[in-house]
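Engineer: sharing a model that was predicted from the sequence below.
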Amino acid sequence: MPVRIGVIAVGGRGSRLGIDTQKCLVPLDGRPVLHYATRAFVSVGVRMIVYLTGYRREEVDSYLADVSAGVTNCLVVSTYGGTEGDARAVSRLSGVLDDGFLYAGGDVVFLPETTRQLVQTATVYPESIAIVSVSPCLDIAPSHPRITLESGGNLVREVTFGAAEPKDCLPAFSIMGVYYLRPKAFSYLGAVGLRGQMGRFMESALQASESVAASITEHPWFCLHTQEDLQAWERSDVRRALLR
């Protein structure tokens, strides 16, 4: 299943990181965090990437102007997504995107293999309004939402926030901040509260009996939130995998 469009949210303030720059431009091994999500999307044949800017948008626009000159077979587009949170930013694209698209937060590093697996899972679950990439590694981003799945399958049963324990002893998975979204998800994205976590759109979707599927990856990943994360990058599994 070809995916033509990728969307990456790069408007957050990164207040927990405590640096004087846009968080998505913090260098990891000489490349900004944003580079890795961009590369993963291009690797699966995405032909246009929309970057949703907000805080310090001029820094991101300047970086993208340089990037676009060196990117082949993929159009790089920057548009203002606001400062009301990632879900609200993505919802601004309602009426513009009429097909399924990939989405990632600008502070997540993941492998191209994870993206390919996500697209494959979307093919298996054509009725799901969203497919979320999740990992059994719960300690990488403790503040990210967790999900539990229906017994013996890949359909999401419940999403919890604040690193809540899974119910009924079912295994929990951490949401990586990488999604495949179908247009029907827009109606739920727009309902997320101001600066609410991206994953919150799934709460109302599940309550409305919409289908949401999970793509479970065993590949390493990384999320940049704090200064401690910068130190953790040096010994992270995903760094070793990218440097191979």
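Structural biologist: Okay, I see it.
Engineer: residue ranges of the helices in the protein, please?
Structural biologist: 33-42, 57-70, 86-91, 112-124, 186-189, 201-207, 227-233, 237-243 (DSSP state H).
Engineer: so which of those is nearest Leu102?
Structural biologist: helix 33-42 (5.7 Å; C-beta to C-beta). In short, each C-beta sits where N, CA and C put it, glycine included.
Engineer: what is that closest one packed up against?
Structural biologist: Contact analysis of helix 33-42 by 3 or more C-beta pairs under 8 Å, 6 or more residues apart in numbering; DSSP states H and E lists strand 5-10, strand 48-53, helix 57-70, strand 101-105, strand 108-110, helix 112-124 as its packing neighbours.
Engineer: what about those, which gets the closest to Ile147?
Structural biologist: helix 112-124 (13.7 Å).
Engineer: next one: that closest one to chain centre, how far?
Structural biologist: Helix 112-124 sits 13 Å away from the centroid of its parent chain (C-alpha atoms, centre = their mean, to the nearest Å).
Engineer: now the worst-scoring helix or strand of the chain on mean pLDDT against strand 48-53, angle please.
Structural biologist: Using mean pLDDT, DSSP states H and E, helix 57-70 stands out as the lowest-scoring helix or strand of the chain, at a mean of 80. In terms of direction (axes from the mean of the first three to the mean of the last three C-alpha atoms, to 10 degrees), helix 57-70 departs from strand 48-53 by 160 degrees.
Engineer: so which bits of helix 57-70 are buried?
Structural biologist: For helix 57-70, burial by neighbour count (16 or more other C-beta atoms under 10 Å) applies to Arg57, Val60, Tyr63, Leu64, Val67.
Engineer: between these, which sits nearest Val10?
Structural biologist: Using C-beta to C-beta, these come closest to Val10 at Val60, 5.3 Å.
Engineer: who are the contact partners of that closest one?
Structural biologist: Neighbour list for Val60: Val10, Gln22, Cys24, Leu25, Leu34, Tyr51, Thr53, Ser78 [criterion: C-beta atoms under 8 Å, 6 or more residues apart in numbering].
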